[in-house]
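# Predicted structure and sequence below. I'll ask about it afterward.
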Amino acid sequence: MSQQATLTPASAPPKLQGFLEEIRQLINAELDRRLAPPADAPGPLIAAMHYAATGPGKRLRPAVLIAAAEACGAPRELALPAAVALEMLHTYTLVHDDLPALDDDDERRGRPTVHIAFSEARNSAIRSRS
């Protein structure tokens with residue numbers, strides 16, 4: 001069986017590397033802005049969401065979405081909300097996949113997973129009924 005070469009941002013041509021880095025920074029800034037925990041945020045939910053979404057990542061999915069939008073003539077600003085939503089959805093799937101009932105991973109992208117950093121949500125009333 002032959003191995004296929006995998007394109008990573010670091011192995012991409014310089015122009016593509018520049019685009020991917022530009023989009024990564026744009027998406028990171030927008031995620032940080034949209035998910036910044038307000039001072040009056042109740043409980044750790046918003047902090048956990050911010051932690052999960054703003055962790056290190058390549059942001060390839062939003063980059064593809066923005067590139068497709070720009071190829072169709074749409075301005076980047078119009079594609080940005082959809083690109084951020086796509087990254088949030090992807091992040092949710094990773095958080096869900098890491099839970100103890102599924103893969104039970106302790107690390108994601110070189111740091112503790114959300115359920116390790118913030119603990120699992122527990123509801124003693126529900127647990128006592130089961």
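Yep, that arrived.
# in the helix or strand where residue 20 lies, what's buried?
Using DSSP states H and E, residue 20 sits in helix 14-34. By neighbour count on 16 or more other CB atoms under 10 Å, the buried set for helix 14-34 is 19-20, 23-24, 26-28, 30-31. Yep, even glycine has a C-beta here, placed from its N, CA and C like the rest.
# so what does that helix touch, helix or strand wise?
helix 60-71, helix 76-98 (3 or more CB pairs under 8 Å, 6 or more residues apart in numbering; DSSP states H and E).
# Make JSON lines out of these and add distance to residue 15.
Converted to JSON lines, the helices and strands packed on helix 14-34 look like this (distance: least, CB to CB, whole Å):
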{"stretch": "helix 60-71", "distance to residue 15": "12"}
{"stretch": "helix 76-98", "distance to residue 15": "16"}
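# With distance to residue 110, mean pLDDT and mean neighbour count added, can I get the ones you listed in a markdown table?
Compiled in a markdown table, these are given as follows (distance: least, CB to CB, whole Å; pLDDT from 0 to 100; neighbours: other CB atoms under 10 Å):
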| stretch | distance to residue 110 | mean pLDDT | mean neighbour count |
| --- | --- | --- | --- |
| helix 60-71 | 17 | 97 | 17 |
| helix 76-98 | 13 | 94 | 16 |
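# Residues contacting stretch 94-105, please?
Contacts to stretch 94-105, defined as CB atoms under 8 Å, 6 or more residues apart in numbering, come from residues 52, 108, 113-115, 120.
# Which one, of the helices and strands packed on helix 14-34, ends up nearest to residue 41?
helix 76-98 (17.1 Å; CB to CB).
# In the sheet, which strands lie alongside the very next helix or strand once past that closest one, parallel or antiparallel?
Heading C-terminal from helix 76-98, the first helix or strand you meet, by DSSP H and E, is strand 107-108. Sheet pairing of strand 107-108 (DSSP bridges) gives strand 111-112 (antiparallel).
# and the partner strand, how far out from the chain's middle?
14 Å (CA atoms, centre = their mean, to the nearest Å).
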